[in-house]
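Enquirer: take a look and give me a structure for this.
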Amino acid sequence: MSSSYTWLLFISLILFLSCKNDTASPTDNAGPIEQNYFDDYESPKHKWGCINNQGKIVIDPIYDDIKDMQNGIAAANYQGRWGYIDSLGTKLIDFKYKQAYSFTGNQTFVQDFQNNWLLIDQEGLILDSLTYTSYESYHEGHAVVGKQGLKGIINATGKLIVPITYQSIKQGNEGIFVGKKNGFYGLSHISGKSILPHEYQNIYLPVNDDIFRLKKDDHYGFCDKKGQIKNGSFSKAFDFYYDKTIVKSKSGYQLLSKDMSSLRNLPYEKIQYAGEAKWKYKENGRWGLLDSNGEQLTTADYELLNRYSDGMIAASKAKLWGYLDAAGEEVIAFKHPLIWDFHNGLARMIDNRGVGFIDKEGRLVIDDMFIEVRDFYNGTARFQTY
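Expert: Residues are numbered from 1 along each chain as shown. Modelled structure (predicted):
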């Protein structure tokens with residue numbers, strides 16, 4: 001072998017090794033906390049991307065995970081690190097975080113690989129460094145935070161406005177929140193005003209109305225947002241929906257108005273809210289539907305009933321699934337092994353090929369080609385490929 005050839009081979013080997021070392025790995029320049037994290041991290045085989053409502057891929061499936069798009073920006077995990085992308089998959093904030101929340105307005109919480117929590121804006125600029133250990137998404141400009149097992153509330157700038165003295169906090173509207181202290185729940189305002197003392201087994205945030213459901217001494221009652229207690233002590237009660245609710249006492253179920261007057265008795269085994277001002281009832285082990293006045297929309301023909309969404313409700317009969325419309329009419333045939341609720345005119349369904357979408361005529365409009373796909377949110381749906 002000539003000396004010139006040997007020298008050329010040596011140079012080629014050096015260049016190959018140099019190029020190989022230039023390929024970045026997820027843990028290049030990682031600190032000890034980050035290295036320990038990636039020692040246990042396993043990137044999923046099947047990656048996540050996004051489609052639009054025509055079924056076209058708008059974000060390639062290259063991510064370990066993606067969260068729902070919020071105002072054109074979504075948290076995405078690339079090779080174990082979280083960052084943010086836009087609705088076309090363009091990177092907006094570097095993939096450098098251990099954890100990342102979805103944006104609420106112009107801000108969100110992230111955790112770096114030194115386990116520091118930061119409040120950042122949509123440019124990725126740090127608004128504040130935070131010393132708490134748990135966080136919940138912002139609601140009306142306020143967020144629940146935690147430290148040493150207790151909870152408090154911060155405002156949009158990260159300032160603590162409700163002290164960290166609660167075992168749990170559930171945020172409602174207009175600054176009202178349900179807080180738990182010494183094992184009991186009370187109702188308060190972020191201004192510091194107490195609305196109800198901490199003496200209840202539970203207080204439930206209202207869903208459609210401004211009436212709070214209370215549980216005390218194993219019985220249910222109600223109060224308004226000023227803390228005025230409404231008459232009644234029931235063994236079971238539901239939230240008010242559109243000025244009406246259903247309660248249960250020794251005499252059975254009854255429909256109540258907002259002034260707590262009984263509108264009618266309901267002689268059924270079980271009743272649950274079915275969404276969109278309707279109720280579902282159980283009779284002889286099967287389910288049917290009632291309208292907002294407690295009148296039967298359907299007989300009890302169904303093994304299972306979901307909740308109304310987008311004017312339709314999923315139901316099962318003979319172990320197959322179909323849909324009823326707002327009037328309780330069967331409008332999509334009972335032929336699917338599994339279906340989900342409608343959102344914005346589309347519903348997920350599964351067959352022996354995978355998960356796809358049908359429209360309100362029951363037509364397959366987005367092919368059943370996904371291992372997993374989530375509902376559309378702000379025009380995109382997250383999917384996972386084979």
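
Enquirer: contacts, neighbours, all on C-alpha from now
Expert: OK.

Enquirer: and the strands in the stretch 1-150 of the chain?
Expert: Ranges of strands within the stretch 1-150 of the chain are 48-52, 57-63, 65-66, 73-78, 81-86, 91-97, 99-100, 107-111, 117-121, 126-130, 134-135, 143-147, 150-154, based on DSSP state E, counting those that start in this stretch.

Enquirer: measure residue 123 to residue 85 for me?
Expert: 11 Å (Cα to Cα, to the nearest Å).

Enquirer: and what of residue 109?
Expert: 16 Å.

Enquirer: before we move on, what about residue 331?
Expert: 39 Å.

Enquirer: out of those two, which sits in the busier spot?
Expert: When neighbours are counted by other Cα atoms under 10 Å, residue 331 and residue 85 differ, and residue 85 comes out ahead with 22 against 14.

Enquirer: so which residues of the chain form helices?
Expert: 3-22, 32-40 (DSSP state H).

Enquirer: residue nearest the middle of this protein, spatially speaking?
Expert: In the chain, the C-alpha nearest the mean C-alpha coordinate belongs to residue 68, at 9.4 Å (Cα atoms, centre = their mean).

Enquirer: close enough to count as contact, it and residue 76?
Expert: No: using Cα atoms under 8 Å, residue 68 is not in contact with residue 76; the gap is 9.3 Å.

Enquirer: what score does the residue nearest to residue 317 when sequence neighbours are not counted have for pLDDT?
Expert: The shortest distance from residue 317 to any non-neighbouring residue, by Cα to Cα, 6 or more residues apart in numbering, is to residue 302 (5.3 Å). The predicted structure scores residue 302 at 98 on the pLDDT scale.

Enquirer: what's around residue 302, how many residues?
Expert: Neighbourhood size, residue 302 [other Cα under 10 Å]: 19.

Enquirer: that one touches residue 313, doesn't it?
Expert: No: contact criterion Cα under 8 Å: residue 302 and residue 313 do not qualify, at 11.7 Å.

Enquirer: next, show the common contact partners of residue 123 and residue 85.
Expert: 92-93 (Cα atoms under 8 Å, 6 or more residues apart in numbering).

Enquirer: returning to that earlier point: tell me the contacts of the residue nearest to the centre of the chain?
Expert: 74-75, 102, 377, 381-382.

Enquirer: just the buried residues of these.
Expert: 74-75, 102, 381-382 (16 or more other Cα atoms under 10 Å).

Enquirer: same list, those, but as a markdown table with distance to residue 356 please.
Expert: Formatted as a markdown table, the buried ones among the contacts of residue 68 follow (distance: Cα to Cα, whole Å):
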| residue | distance to residue 356 |
| --- | --- |
| 74 | 22 |
| 75 | 24 |
| 102 | 25 |
| 381 | 11 |
| 382 | 12 |
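
Enquirer: out of those, who's nearest residue 361?
Expert: Nearest to residue 361 among these: residue 381, at 20.6 Å, using Cα to Cα.

Enquirer: give me the contact list for stretch 354-366.
Expert: Stretch 354-366 has contacts (Cα under 8 Å, 6+ apart) with 54-55, 331-333, 345-350, 367-373.

Enquirer: and those residues, which are buried?
Expert: Applying a neighbour-count criterion of 16+ other Cα under 10 Å, the buried members of these are 332, 345-350, 368-370, 372-373.

Enquirer: any chance of the contacts of residue 68 in JSON lines with distance to residue 180 as columns?
Expert: Converted to JSON lines, those look like this (distance: Cα to Cα, whole Å):
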{"residue": "74", "distance to residue 180": "33"}
{"residue": "75", "distance to residue 180": "31"}
{"residue": "102", "distance to residue 180": "26"}
{"residue": "377", "distance to residue 180": "33"}
{"residue": "381", "distance to residue 180": "36"}
{"residue": "382", "distance to residue 180": "36"}
